[in-house]
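Colleague: Got a predicted structure here, sequence first:
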Amino acid sequence: MTARAGMRGLKKQRRIQVIALAAAALVLATGMIGYAMRDGINYYRAPSEVVADPPAPTELFRIGGMVEDGSLIRGAGETVTFSVTDYGASVEVSYTGILPDLFAEGQGMVGLGRWQDGHFEAQQILAKHDESYMPKEVTESLKAQGYDPARDGGAAKE
Amino acid sequence: MLIELGHFALILGFAVAVVQSLVPLVGAHKGWRGWMALAEPAASTQFLLVGFSFVALTWAFVTSDFSVRLVVENSHSAKPLLYKISGVWGNHEGSMLLWLLILALFGACVAWFGTALPAALRARVLAVQGLIGVAFFAFILLTSNPFTRMLVAPFDGQDLNPLLQDPGLAFHPPFLYLGYVGLSTSFSFAVAALIEGRVDAAWARWVRPWTLAAWVFLTVGIALGSWWAYYELGWGGFWFWDPVENASFMPWLIATALLHSAIVTEKREALKSWTVLLAILGFGFSLLGTFLVRSGVITSVHAFATDPARGVFILAILAIFIGGALWLYAARAGRMEAKGVFSLVSRESGLVANNVLLVTAALVVFIGTLWPLFADIALDRVLSVGAPFFNAAFTPFFVALALILPPCGMLAWKRGRMGRALRACAPGLILAVAVMLLAFALQTGRSALGPLGLALGSWLIAGAALDLWARTGAGGWRRLFRLPGADWGKAVGHAGLGVTIIGIAGLLAWQEEDIRVARIGESWPIGGYTVTLDEVREGRGANYVTTMATMRVTREGREVAVLHPEKRVYPVAGMPTTEAGIQSGLFRDLYLVVGDAQDGGGWAVRSHIKPLAFWIWGGAILMALGGLLSLGDRRMRVGAAAKKAPRQPSPVAAE
């Protein structure tokens, strides 16, 4: 009888300890999530937002829009430059490296980088697996400028 | 004709699934044997019907039947046969059919190999499996019918996305789905146990092989995807913390936790309700992954042609199944009282710590993956969560997991002694410190990441070896090879984790990159090697045109490799791809990429040294191998296990 009661007490004690451990892990995780989010979050900005309110040169953010026709300069060294537009404003982008395969003029793009002396210095250009894919944010920012990619052509297909 | 038959078989299968989900459930409730027994032939029939339907679609792809819309959009007569076949699941509709086929396969396997299961439990498991089937039959038939015909059949197809024309990716989805959908079996077992209101050692012994099989497939599937991204996308990254990658990683983390907690349930009859909860969550994350990929709610490099209607449908399936299961869990979990008690220092406690760390890590990935969605809806800010977040918030949990693994894995069940386990691990600690010092001495002025990662990996590998050696007792070498498969599986799996950690740390700490414009004949140094661009020429492949470079790599005047990185253009799809030139070695990969031709002559070229890259996937293969070894254990053989079927906990667990 007492052995059984002792066992039950032990089980209860164990359960409390497990819950305490889980709670500690959760608190720790919340703390780390909060800490990591300071550096790990990148806001998305459309070209017209960037022009209206240029972000600080230290901020890592994403930009998205259409690659302007005739703006892509590919064969002039390691750095590639082009302009990205949401048909409200256009921003010059430079990128050192080799562009993803599906990158082309008149296509949607998303880049990650910083605002440096009046142009966007990209660290990364997102690649898509599918040529008919348009990033959701880009569709939204084009629509905000009164340009519907689905209706007016372009690469969007939903 | 065959296409219509395939479509018809799918509709028939739907009807069979409805019967399979209702009749055995009622039979089990009322205790009617005949009704319960219907589950097995229904599961077999359902599998055969979906199988026929899948064969019909595959046949349409193989024979390039361009009267079928799906074939037109995803195939081309000039494609090699392998990619015609992989084209079946290289698109949304076909991949859902594969999903369903695997779901039916797992159901049929429970029917075929589960003859020793208690009749009521088997009937309920198959009924739940059938119910999941009903949902996905409805999804395919209503929103994603693969058998739609064209009004006018074109002469040729529109090709498969050339990035996907690759052996790594041909086999990536089937493995991933085998893993995702395999977790449905654990889910069905969990829900059946909740309906019965009983979880015991026999139940856990049944669940574990299914979870283990699903986990092995998931491990291989994720590794294949990562390997493909590494060599095909052309910048040598192996993991991007992309939402869709996370979608496959979260079920993996939960399945790993489930594997370990099911051991406690099986051997000690403790953590029962927790194991059931993990089984529900594991499949829940699989469904969540399916939702994320198919609905396009989060921007990802993976893009199926997305469709909100499909997303809503999968979300409804997710809500009904997981919501229903959790509701059942809330109502019934109280009944699952643990039988075994354990001391604060014991193998059980070690496995609890493992579970807490794995599930917390999964939670971190979950929040990071869904945060953009939350921010968009609740905070009205468009943002993305990048790799720095995951590196900072996820890594500590895995480091902690790796640190505690060797001693905790050697603790005794019920009541252990930490001092003893630590003493047994001491040689591993010495080795790890030695490796760290060596790595520190060899590298020059760089971060501590590399040496620390190497030390952690060595700690795991040595710990696994010491554990295995301790198991032999006085038997020595002779006994080593007669140890049960589960012991070998545990050691090989844990060593695999160590190998992967070494690979990741080594690659991230010591990789080198060089981007430049090179003229023909020009040489440049990178990481002790010299790369020379010898030649660039145009050529033609089976269904593409190529610009192929010849690059020679030398080290101290000796030739190490001649590599041929390419840029290909697939005219039918109008898509270019980059084929990196890679020479894989045990300790480093050479990774060369050729880019655009330059106006003033020359070519943009990128060269990388990727140290220990091979170890990342080698470790994953070892982990999967560990799972297979465990599966091969005699005690895991389902028939033998169920015959014993102890309703009482085994008096003193053998280990």
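Modeller: Arrived safely.
Colleague: C-alpha from now on. contacts and neighbour counts both.
Modeller: Noted.
Colleague: which residues touch stretch B:67-80?
Modeller: Residues from elsewhere that reach stretch B:67-80 (Cα atoms under 8 Å, 6 or more residues apart in numbering or on different chains): B:60-61, B:64-66, B:84, B:87, B:90-91, B:93, B:146-154, B:156-161, B:542-543.
Colleague: what residue ranges in chain A are flagged as low confidence?
Modeller: Across chain A, residues meeting the criterion (pLDDT under 70) sit at A:1-5, A:75-76, A:127-135, A:148-158.
Colleague: Where do the strands of it begin and end?
Modeller: Taking DSSP state E as the test, the strands found in chain A are A:41-45, A:61-67, A:79-85, A:90-96, A:108-116, A:119-125.
Colleague: Stretch B:600-612 vs chain A: in contact?
Modeller: Yes - counting by Cα under 8 Å from any Cα of the partner chain, chain A has neighbours in stretch B:600-612: B:Gly600, B:Ala604, B:Arg606.
Colleague: Chain A: which of these is nearest?
Modeller: Lowest distance from chain A to the residues of stretch B:600-612 next to chain A (Cα to the nearest Cα) belongs to B:Ala604, with 6.3 Å.
Colleague: Number of residues surrounding the closest one?
Modeller: Counted with other Cα atoms under 10 Å in any protein chain shown, the neighbours of B:Ala604 add up to 24.
Colleague: that's a helix at it, yeah?
Modeller: No - according to DSSP: H, G, I helix; E, B strand; the rest coil, B:Ala604 belongs to no helix; its state is strand.
Colleague: so which helix or strand takes in the closest residue to B:Val399 other than its chain neighbours?
Modeller: Sequence neighbours aside, B:Leu456 is the residue nearest to B:Val399 in space, at 7.8 Å (criterion: Cα to Cα, 6 or more residues apart in numbering or on different chains). Per DSSP states H and E, B:Leu456 falls inside helix B:449-472.
Colleague: How about the residues of the stretch 551-655 of chain B by chain A?
Modeller: By Cα under 8 Å from any Cα, the residues of the stretch 551-655 of chain B that approach chain A are B:Met575, B:Pro576, B:Thr577, B:Thr578, B:Gly595, B:Asp596, B:Ala597, B:Gln598, B:Asp599, B:Gly600, B:Ala604, B:Arg606.
Colleague: Rebuild these as JSON lines, extending it with distance to A:Arg14, pLDDT and secondary structure.
Modeller: Converted to JSON lines, these look like this (distance: Cα to Cα, whole Å; pLDDT from 0 to 100; DSSP: H, G, I helix; E, B strand; the rest coil):
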{"residue": "B:Met575", "distance to A:Arg14": "60", "pLDDT": "76", "secondary structure": "strand"}
{"residue": "B:Pro576", "distance to A:Arg14": "60", "pLDDT": "80", "secondary structure": "strand"}
{"residue": "B:Thr577", "distance to A:Arg14": "57", "pLDDT": "82", "secondary structure": "strand"}
{"residue": "B:Thr578", "distance to A:Arg14": "56", "pLDDT": "84", "secondary structure": "strand"}
{"residue": "B:Gly595", "distance to A:Arg14": "61", "pLDDT": "84", "secondary structure": "strand"}
{"residue": "B:Asp596", "distance to A:Arg14": "64", "pLDDT": "81", "secondary structure": "strand"}
{"residue": "B:Ala597", "distance to A:Arg14": "67", "pLDDT": "83", "secondary structure": "strand"}
{"residue": "B:Gln598", "distance to A:Arg14": "69", "pLDDT": "82", "secondary structure": "coil"}
{"residue": "B:Asp599", "distance to A:Arg14": "72", "pLDDT": "79", "secondary structure": "coil"}
{"residue": "B:Gly600", "distance to A:Arg14": "73", "pLDDT": "78", "secondary structure": "coil"}
{"residue": "B:Ala604", "distance to A:Arg14": "62", "pLDDT": "87", "secondary structure": "strand"}
{"residue": "B:Arg606", "distance to A:Arg14": "57", "pLDDT": "89", "secondary structure": "strand"}
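Colleague: Just the buried residues out of the residues you listed, in PyMOL syntax.
Modeller: Per 16 or more other Cα atoms under 10 Å in any protein chain shown, the buried members of those correspond to this PyMOL selection:
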select buried, chain B and resi 575+576+577+578+595+596+597+598+604+606
